[in-house]
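Chemist: no sequence on hand, only this structure:
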């Protein structure tokens, strides 16, 4: 925010906060302008599976993000700029305060900006209100997963990265299809994979297999009901074999 105020608005950063304490409309206008720029700056260009090939996506979609950012800005200003003013003018101690109390703004200037974010800014950029948030999750289908994997390789120029990272992302996407939490998949180490050579008891032919251990993101003590299921002390262990579809074959990726 400091860079925006000084270079774009050509204003004294400290004076904006001091003006806000005095409920100055001009100071509020500068802060509103900053938040409009904050949302606009969240727009990025992403590849899509269509004729357009690319689309502009606004990554901030809910009022919760700018509200949290506003809380942090207020706390930082209160602990630096305004604290210095309280020391300099002890008789005006209450004037140079901007606060939140139990998650809600305590002072009128802070509340005015907060209410504008939840209404004016939300309407301007189509932000979802916190009360409208839904925690229902749509499951990823097998077709979705195959499309993601195919895009990862056939649109490689649009998803630039080093080869080993592309393989790692491929591996992670396949494992995600098992329903593991993202935090669990980010903890993988070589020690969590063990390669095996197994023999078919009927044909006598050998093939590769892999035993994979996944650590739960939210660790829990072993449930007696889970005994024999491969779930032990916050980990899941299972074995996979070579499969005809190389795109979803974990052993081939290893």
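Modeler: Looks like it came in fine. The shown structure was predicted, so the numbers you read here are calculated from the model rather than taken from an experiment.

Chemist: where's the residue positioned nearest the centre of the chain relative to residue 151, distance?
Modeler: Closest to where the C-alpha atoms of the chain average out (Cα atoms, centre = their mean) is residue 59, at 9.8 Å. As judged by Cβ to Cβ, to the nearest Å, residue 59 and residue 151 stand 19 Å apart. Every residue, glycine included, has its C-beta placed from N, CA and C.

Chemist: ditto for residue 12
Modeler: 49 Å.

Chemist: neighbour count for the two, which is higher?
Modeler: More crowded of residue 12 and residue 151, by other Cβ atoms under 10 Å: residue 151, with 15 against 12.

Chemist: please report how far residue 151 lies from residue 162.
Modeler: 18 Å.

Chemist: then residue 32?
Modeler: Distance from residue 32 to residue 162, by Cβ to Cβ: 42 Å.

Chemist: and these two? which has more neighbours close in?
Modeler: A direct count of neighbours by other Cβ under 10 Å for residue 32 and residue 162 places residue 32 higher, at 17 against 8.

Chemist: which residue ranges of the stretch 1-150 of the chain form helices?
Modeler: Using DSSP state H, counting those that start in this stretch, the helices found in the stretch 1-150 of the chain span residues 2-3, 13-21, 25-40, 64-79, 81-88, 108-116, 122-125, 142-154.

Chemist: for the third one, which positions count as buried?
Modeler: For helix 25-40, burial by neighbour count (16 or more other Cβ atoms under 10 Å) applies to 27, 28, 30, 31, 32, 34, 35, 38, 39.

Chemist: so residue 160: helix, strand or coil?
Modeler: coil (DSSP: H, G, I helix; E, B strand; the rest coil).

Chemist: report how many residues lie close to residue 201.
Modeler: Number of residues near residue 201 (other Cβ under 10 Å) recorded here: 6.

Chemist: now residue 59: closest residue in space, sequence neighbours ignored.
Modeler: residue 42 (4.5 Å; Cβ to Cβ, 6 or more residues apart in numbering).

Chemist: if I look at that neighbour, how far off is residue 35?
Modeler: 11 Å.

Chemist: ok, now residue 89?
Modeler: For residue 89 relative to residue 35 (Cβ to Cβ), the value is 29 Å.

Chemist: and residue 158, what is it in contact with?
Modeler: 47, 53 (Cβ atoms under 8 Å, 6 or more residues apart in numbering).

Chemist: got it, and residue 120?
Modeler: residue 32.

Chemist: so it versus residue 202, what's the distance?
Modeler: Applying Cβ to Cβ to residue 120 and residue 202 gives a distance of 72 Å.
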